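> Only the shape, not the letters, is given here:
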């Protein structure tokens with residue numbers, strides 16, 4: 001009887017073994033898609049993401065969070081191909097799945113809203129995008145607190161929409177809040193700090209606050225040089241923006257003085273920070289709570305980046321492979337008809353082999369050993 005129980009237990013374990021293999025294969029496909037995307041092999045990356053999506057739908061169910069992550073990965077690849085008409089429906093579906101699994105006020109929902117809003121904004125559907133960002137901020141503030149690092153990106157996006165509406169005081173307030181949050185969590189020379197300074201500088205340039213623009217952009221350039229070196233493409237982009245701002249300051253100064261600006265003015269070193277730029281001191285120690293940066297530097301290499309170039313700023317948990325299997329609460333098994341038939345046939349073959357082996361053991365003893373369901377033994381002459 002113990003042998004039979006062992007065989008049955010082994011048989012029942014087979015589906016879980018297959019499911020575990022499917023989980024591993026799905027993770028591999030997501031990673032491969034991400035790595036190919038990093039190498040700008042977008043077509044192949046899309047193929048891997050679609051394969052991961054099909055596997056997740058077939059093995060884990062259409063409403064599983066792994067399906068949502070597969071949808072987001074495929075949309076992420078599409079974003080770099082500017083295929084927003086295709087990526088937006090994928091992200092809407094992912095949002096529905098995440099809301100169904102986590103509830104409407106979970107940080108995962110905020111991340112999904114932020115992803116969808118990014119693509120909608122790039123597709124010129126700005127009104128809906130802004131509303132989604134507002135909802136994402138509201139969820140994060142309630143669930144994670146008003147100074148959580150994830151808030152900074154959504155606040156910067158809202159600041160950009162405020163800029164488009166010429167609501168400059170609101171935009172400045174949002175940018176400064178985002179910068180303070182990043183300074184609190186990240187090292188002062190982190191790439192995301194440079195991005196915040198540069199975004200604030202572009203706002204000041206638009207507001208014709210040229211001294212503050214040059215001061216803020218100078219900080220961003222200094223961070224880029226420290227992190228990446230003066231010859232890096234991203235650093236050069238920031239430097240081009242700084243020179244343009246210095247030229248605008250020189251022209252503005254010349255106009256106020258009533259004379260033509262000498263060309264040499266456009267090559268002067270950065271001016272001393274104005275009052276607004278000095279209100280935020282990045283020299284104060286600001287490191288993450290666990291002692292290591294929680295985000296990677298994905299600042300844009302374009303000097304005049306707009307919302308249409310922000311496809312590289314996906315939410316930080318989209319491709320966090322350390323957490324990719326930690327949110328499912330166990331395996332979700334789905335067995336097809338042919339797989340079930342295969343398991344039953346295997347069980348039958350094993351049972352017949354077991355019976356045959358048992359008969360061979362007692363052969364020549366003058367009786368057959370038969371075991372009842374209750375485990376008692378009886379003899380049949």
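It's in. Since the structure is predicted, the reported quantities are computational estimates derived from the model, not experimental observations. Numbers count the residues shown, from 1 in each chain.
> tell me what the helix or strand hosting residue 255 is packed against?
Element membership of residue 255, judged by DSSP states H and E, is helix 233-257. The elements that helix 233-257 packs onto, with contact taken as 3 or more Cβ pairs under 8 Å, 6 or more residues apart in numbering; DSSP states H and E, are helix 191-206, helix 210-228. For every residue, glycine as well, the C-beta is placed using N, CA and C.
> model confidence over it, on average?
The predicted model assigns helix 233-257 a mean pLDDT of 93.
> Give me the buried positions along that helix.
Using 16 or more other Cβ atoms under 10 Å as the test for burial, helix 233-257 gives 234-239, 241-250.
> Go through the helices and strands packed on helix 233-257 and pick out the most buried.
Mean neighbours per residue, mean count of other Cβ atoms under 10 Å, is largest over those for helix 191-206, with a mean of 25.
> quick one, that one and helix 210-228 angle?
Per axes from the mean of the first three to the mean of the last three Cα atoms, to 10 degrees, the angle that helix 191-206 makes with helix 210-228 is 160 degrees.
> pLDDT of helix 191-206, averaged?
The average of the pLDDT scores along helix 191-206 is 96.
> Present the helices and strands packed on helix 233-257 as CSV; the columns should include distance to residue 126.
Converted to CSV, those look like this (distance: least, Cβ to Cβ, whole Å):
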stretch, distance to residue 126
helix 191-206, 17
helix 210-228, 24
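> Of these, which is nearest residue 347?
Within the helices and strands packed on helix 233-257, the stretch nearest residue 347 is helix 191-206; the backing value is 56.5 Å (Cβ to Cβ).
> Could you list the low-confidence segments of the chain?
The chain contains residues with pLDDT under 70 at 1-20, 259-343, 354, 357-381.
> And residue 174, how close does it get to residue 123?
Distance from residue 174 to residue 123, counting by Cβ to Cβ, to the nearest Å: 22 Å.
> So which of the two has more stuff around it?
Each of residue 174 and residue 123 has its neighbours counted (other Cβ atoms under 10 Å); residue 174 has more, 26 against 17.
> give me the element that one is part of.
Going by DSSP H and E, residue 174 is part of helix 168-185.
> Which elements pack onto that helix?
helix 151-164, helix 191-206.
> quick one, the first one and helix 191-206 angle?
Same thing as helix 151-164. Per the same axes, to 10 degrees, the angle that helix 151-164 makes with helix 191-206 is 10 degrees.
> Against which helices or strands is helix 151-164 packed?
Using 3+ Cβ pairs under 8 Å, 6+ apart, helix 151-164 sits against helix 107-122, helix 126-144, helix 168-185, helix 191-206.
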